[in-house]
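Participant: compute the structure for the input listed below.
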Amino acid sequence: MRAHRRRPRVVVVDDSRMDRELARDALGSEVQLELCSDGEEALERLRREPVDLVLSDLTMPGLSGIELLERVRREYPGTDFVVLTGHASVETAVSALRMGAADYLRKPIQADELVLVVRRLLEQRALVDENTRLRDMLRTVEGCRSLAPCLEPGEVYAVALDLLLGNLERQRGLAVFRRTTLSLSDALVLRGFDESVETRLHHLLVDEKPVDLDGDAAVGPVSRSAAHACLRQAGVDVDRLLAVPMRGDENEAGVIWILEDGKPFDEDDLERARIIAGHASLSLRNAEQYHRAKERAFIDDVTELYNVRYLLLAADHEIRRAERYGSELSVLFLDLDRFKLVNDRYGHLVGSRALRQLGQVLSSCVRQVDTLARYGGDEFTIILVDTGHEDAMQIAERIRSTVAETWFDGGRGESMQLSISIGVATYPVHGGDREALLDQSDKAMYRAKSFGRNRVCSAAELQEANAPGVRSD
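Facilitator: This next block holds a predicted model:
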């Protein structure tokens, strides 16, 4: 629902005090009325605040009504003008109409006639304004068609941010969203900031995660928020922000902030933002449905972990991220020891349950930001983000000992124990791309098996074993 519109502002210009008081008595309850005794005073009122309608006598000391009309038409073309003629001829009034006046009234002014003319002109003006507003809103709705093809949540936020900036005629904004699907999109989209500010904002808003994405419930301007604090820490002067929250049906949630930058948001801005937010939320729901179907292609049926297809995508993404931020990441390649004996003794159904239980044990050993996948058969792979080699070796040892101490369901009331061998490789020390890291961690895992299984080996041991003058046992 639109907010109540302000009362129309009308300026009456007449050197006759009696005519000014007559206008005040007739129009005072209808409009926001201002009375002026000459043209210069009227122009001063127009400079202070927009005026909807000027009613001016034609014959006045100083600036005449015709001269005032010329100034108003030139300097304030959106303001309507009505001439009041008494001593001047009708021909003069007609000339004023040709110059752009909306109407004229003859003196002595009749109160009923004055109210009728003013009401008619203001209603016409309101109708034109409403038609213009509706055309603008229609253009906003048509622009939202660009959201329809978006099937990645990150793309929805980026397109919605661009739509908001374009429709609100602003230059700077940002979108922060929670990454809840399998999409590998970044959780931050920025527009209008220089590179150094973008890097700082990414650290503040994504890495430190200070924003409650479930906190903003409605579209509206805000003067204080976590975004304000982060922008200021990044060196950005900020006054009010327009918060535009968006929600899917499930867990997709995010918020776009548009910087006011000295141009206050009005009710039409808010309505445009609500339209865009509504279409964007619908696109998020579509993206959720798409990803539910897409997830089935990325999930292993036996363990309900990610499969190798997802692992390869995640590895490429995390390596690019590590390269961009100059950080490390480690890959653990795990293989169950003598798992064929389990299938032979207990059967494949028990073997499948053991793999599922192992997946649960491994999940409890890694962070939410890490990637755990079943590589195939009885092999698993873990990508540890922002983790150096020494820490990765410690994590691998903890995983190995946890699995060794776990009792697995052997069926028919029996229990069994399993062990794993783990190979560890770290970016960029042991490889600069996905293939190299997986190859090195896989070879390190086989080295662990060759040394008796149920142990952890580093890719560094491979390099030492292959170094000139080093004999491999």
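Participant: all strands of the stretch 301-450 of the chain, in order?
Facilitator: Secondary structure of the stretch 301-450 of the chain, counting by DSSP state E, counting those that start in this stretch: strands at 329-336, 371-376, 379-385, 407-411, 414-417, 420-427.
Participant: CSV for those, including mean pLDDT, mean neighbour count and distance to D57?
Facilitator: (Glycine included, C-beta is placed from N, CA and C.) CSV is the format used below for the strands of the stretch 301-450 of the chain (pLDDT from 0 to 100; neighbours: other Cβ atoms under 10 Å; distance: least, Cβ to Cβ, whole Å):
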stretch, mean pLDDT, mean neighbour count, distance to D57
strand 329-336, 97, 26, 80
strand 371-376, 95, 21, 80
strand 379-385, 97, 23, 77
strand 407-411, 92, 15, 98
strand 414-417, 94, 12, 103
strand 420-427, 97, 27, 83
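Participant: among those, which comes closest to L147?
Facilitator: strand 371-376 (29.4 Å; Cβ to Cβ).
Participant: looking at the strands of the stretch 301-450 of the chain, which is closest to R200?
Facilitator: Closest approach to R200 among those is made by strand 379-385 (20.5 Å; Cβ to Cβ).
Participant: quick check: angle from that closest one to strand 329-336?
Facilitator: For strand 379-385 and strand 329-336, the angle between their directions (axes from the mean of the first three to the mean of the last three Cα atoms, to 10 degrees) works out to 160 degrees.
Participant: given strand 379-385, what are its sheet partners and their directions?
Facilitator: Based on DSSP bridges, the strands next to strand 379-385 in the sheet, each with its direction, are strand 329-336 (antiparallel), strand 371-376 (antiparallel).
Participant: can you name the element that comes right after the lowest-mean-pLDDT helix or strand in the chain?
Facilitator: Lowest mean confidence among the helices and strands of the chain (mean pLDDT, DSSP states H and E): helix 90-98, at a mean of 79. Moving toward the C-terminus from helix 90-98, the next helix or strand (DSSP states H and E) is strand 103-106.
Participant: against which helices or strands is whichever helix or strand comes after that following strand packed?
Facilitator: Under the assignment DSSP H and E, the closest C-terminal helix or strand after strand 103-106 is helix 111-143. Counting contacts by 3 or more Cβ pairs under 8 Å, 6 or more residues apart in numbering; DSSP states H and E, helix 111-143 is packed against helix 17-27, strand 53-57, strand 80-85, strand 103-106, helix 153-168, helix 267-298.
Participant: quickly compare the ones you listed and say which is most buried.
Facilitator: Compared across the helices and strands packed on helix 111-143, strand 53-57 shows the largest average neighbour count, a mean of 26 (mean count of other Cβ atoms under 10 Å).
Participant: okay, buried residues for the helix or strand following that strand please.
Facilitator: Stepping forward along the backbone from strand 53-57, the first helix or strand reached (DSSP H and E) is helix 65-75. With burial defined by 16 or more other Cβ atoms under 10 Å, the residues of helix 65-75 counted as buried are 65-66, 68-72.
Participant: dump these to TSV, plus distance to Q233.
Facilitator: Converted to TSV, the buried residues of helix 65-75 look like this (distance: Cβ to Cβ, whole Å):
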residue	distance to Q233
G65	58
I66	58
L68	52
L69	54
E70	53
R71	49
V72	48
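Participant: D14: how many residues sit nearby?
Facilitator: 26 (other Cβ atoms under 10 Å).
Participant: relative to M99, how far out is it?
Facilitator: Taking Cβ to Cβ, to the nearest Å as the measure, D14 falls 19 Å from M99.
Participant: equivalent analysis for M60, please.
Facilitator: With distances taken as Cβ to Cβ, M60 is found 17 Å from M99.
Participant: to L55, which of the strands of the stretch 301-450 of the chain lies closest?
Facilitator: Proximity to L55, assessed across the strands of the stretch 301-450 of the chain by Cβ to Cβ, is greatest for strand 379-385 (70.8 Å).
Participant: which phi and psi does F177 have?
Facilitator: Backbone geometry at F177, expressed as degrees, to the nearest 10, gives phi -140, psi 160.
Participant: next, count neighbours for it.
Facilitator: Taking other Cβ under 10 Å as the neighbour definition, F177 ends up with a count of 25.
Participant: my guess is it meets L161, correct?
Facilitator: No: with contacts defined as Cβ atoms under 8 Å, F177 does not count as touching L161, sitting 10.4 Å away.
Participant: next, format the helices and strands packed on helix 111-143 as TSV and append distance to G326 and mean pLDDT.
Facilitator: Conversion of the helices and strands packed on helix 111-143 to TSV gives the following (distance: least, Cβ to Cβ, whole Å; pLDDT from 0 to 100):
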stretch	distance to G326	mean pLDDT
helix 17-27	70	93
strand 53-57	64	95
strand 80-85	63	92
strand 103-106	72	88
helix 153-168	23	92
helix 267-298	29	87
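Participant: can you add distance to T132 and give the ones you listed back as TSV?
Facilitator: Below are the helices and strands packed on helix 111-143 laid out as TSV (distance: least, Cβ to Cβ, whole Å):
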stretch	distance to T132
helix 17-27	25
strand 53-57	17
strand 80-85	15
strand 103-106	21
helix 153-168	14
helix 267-298	10
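Participant: pLDDT weak spots in the protein?
Facilitator: Per-residue confidence for the chain (pLDDT under 70) gives these ranges: 1-5, 87-90, 179-186, 209-216, 465-473.
Participant: go ahead and flag the most central residue of it.
Facilitator: Residue closest to the mean C-alpha point of the chain, counted by Cα atoms, centre = their mean, is A175 at 2.6 Å.
Participant: who's in contact with it?
Facilitator: If a contact means Cβ atoms under 8 Å, 6 or more residues apart in numbering, then A175 has 157-158, 160-161, 188-189, 254-257 as its contacts.
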